[in-house]
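Enquirer: What would the 3D arrangement of this be:
(one chain, ligands or ions: 1)
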Amino acid sequence: MAKLELLPAVDVRDGQAVRLVHGESGTETSYGSPLQAALAWQSAGAEWLHLVDLDAAFGTGDNRELISEVARAMDIKVELSGGIRDDASLAAALATGATRVNIGTAAMEDPEWVAKIIAEHGDKIAVGLDVRGTTLRGRGWTRDGGDLWETLARLDSEGCARYVVTDIAKDGTLQGPNLQLLKDVCARTDRPVVASGGVSSLDDLRAIAELVPLGVEGSIVGKALYAKAFTLEEALEAVSR
Ligand SMILES: O=C(O)c1ccccc1N[C@@H]1O[C@H](COP(=O)(O)O)[C@@H](O)[C@H]1O
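Expert: Take a look at the predicted model:
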């Protein structure tokens, strides 16, 4: 059976690595230098880094130069998110050498552009399905963006290669992932799914790994690593068999 990929997260706000609760602005806990965090995950054996420009996602500026510095310093694969909504921001994101980029708001607000970039860039484009219940949320998760299932069907028909599925109610809470949501998404698409939100323990990761045969390819891990609930080495070991 394929093993679950792990993507430790580095979310950047105002130049710092932070974690949010439910993705809400103002709930930041700061963890210092994004580059140091990213290098630490790489040294611990990560094969992927999930790198997010939160200011770009919230529309409160951007950390573009710092994000680029971090992405370029990595020898591992990078998934880049936050504020990628037009040709200029996509070009800047791809120019960092990121393995793939993750599109959130634009998939709801600018479907024609997203269909175009999926056609042009194939599996370099993932779409972030960030949901409360089954309602998508965009613009820093502050605005409703339509129905999950309608959007998933549309993106599937346009050839979207991969989805990053976040249950906002779980994100940053250490309350465990929404396994039912992941199963439901996998039942409606044959594209790989990356799980995001709520991982609190090695058992949570083992439970997500049980979904690999259904189509879950990876899991983002954020707060649990920063809170030292387990080490990345332990997490990689837990999902390696
Ligand atoms: O990761 C978070 O905690 C987060 C919180 C609030 C907003 C966005 C967040 N993360 C990432 O940003 C993209 C969406 O960015 P955009 O809508 O395309 O600008 C989302 O998919 C998450 O990867």
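
Enquirer: who in this structure is up against the ligand?
Expert: 11, 20, 23, 52, 54, 56-57, 81-85, 102-106, 128, 130, 138, 140-141, 171 (C-beta under 6 Å from any ligand atom). For every residue, glycine as well, the C-beta is placed using N, CA and C.

Enquirer: same thing but at 5 Å, please
Expert: 20, 23, 52, 57, 81-83, 102, 104-105, 128, 140-141 (C-beta under 5 Å from any ligand atom).

Enquirer: Narrow those to those in strands?
Expert: Of these, the ones assigned to strands by DSSP state E are 52, 81, 102, 128.

Enquirer: which stretches of this protein form strands?
Expert: So, for the chain - with DSSP E - the strands run 5-13, 16-19, 29-30, 48-53, 77-81, 100-103, 125-132, 135-138, 143-147, 163-167, 193-196, 216-221.

Enquirer: Just the buried ones from the residues of the chain next to the ligand?
Expert: 20, 23, 52, 57, 81-83, 102, 104-105, 128, 140-141 (16 or more other C-beta atoms under 10 Å).

Enquirer: Which residue ranges of the chain form helices?
Expert: 34-43, 54-58, 64-73, 87-95, 105-109, 111-121, 148-157, 179-188, 202-209, 223-226, 232-238 (DSSP state H).

Enquirer: pLDDT weak spots in the chain?
Expert: 1 (pLDDT under 70).

Enquirer: Could you pull up the contacting residues of residue 21?
Expert: For residue 21, the contacting residues are 27, 171-173, by C-beta atoms under 8 Å, 6 or more residues apart in numbering.

Enquirer: From those residues, pick the one nearest residue 220.
Expert: residue 171 (9.4 Å; C-beta to C-beta).

Enquirer: Identify the residue spatially nearest to the closest one, adjacent ones excluded.
Expert: Of all residues not flanking residue 171 in the chain, residue 197 sits nearest, at 4.0 Å (C-beta to C-beta, 6 or more residues apart in numbering).

Enquirer: my guess is the one you found meets residue 175, correct?
Expert: No - contact status for residue 197 versus residue 175: not in contact, 9.1 Å apart, counting by C-beta atoms under 8 Å.

Enquirer: I'd guessed residue 29 sits against residue 19; true?
Expert: Yes - when contacts are counted by C-beta under 8 Å, residue 29 is listed as touching residue 19 (5.2 Å).

Enquirer: what sits in contact with each of the two?
Expert: In contact with both residue 29 and residue 19: residue 226, using C-beta under 8 Å, 6+ apart.

Enquirer: Look at the two and report which has more neighbours.
Expert: When residue 29 and residue 19 are compared on other C-beta atoms under 10 Å, the one with more neighbours turns out to be residue 19, at 22 against 14.

Enquirer: circling back to that earlier point, minimum distance to residue 157: which of the strands of the chain has it?
Expert: strand 125-132 (12.8 Å).

Enquirer: so what does that closest one touch, helix or strand wise?
Expert: If contacts are counted by 3 or more C-beta pairs under 8 Å, 6 or more residues apart in numbering; DSSP states H and E, strand 125-132 sits against strand 100-103, helix 111-121, strand 135-138, helix 148-157, strand 163-167.

Enquirer: Quick one: residues in contact with that strand.
Expert: Contacts for strand 125-132 (C-beta under 8 Å, 6+ apart): 23, 79, 81, 100-104, 107, 114, 117-118, 136-138, 141, 148, 151-152, 155, 160-169, 181, 185, 194, 196.
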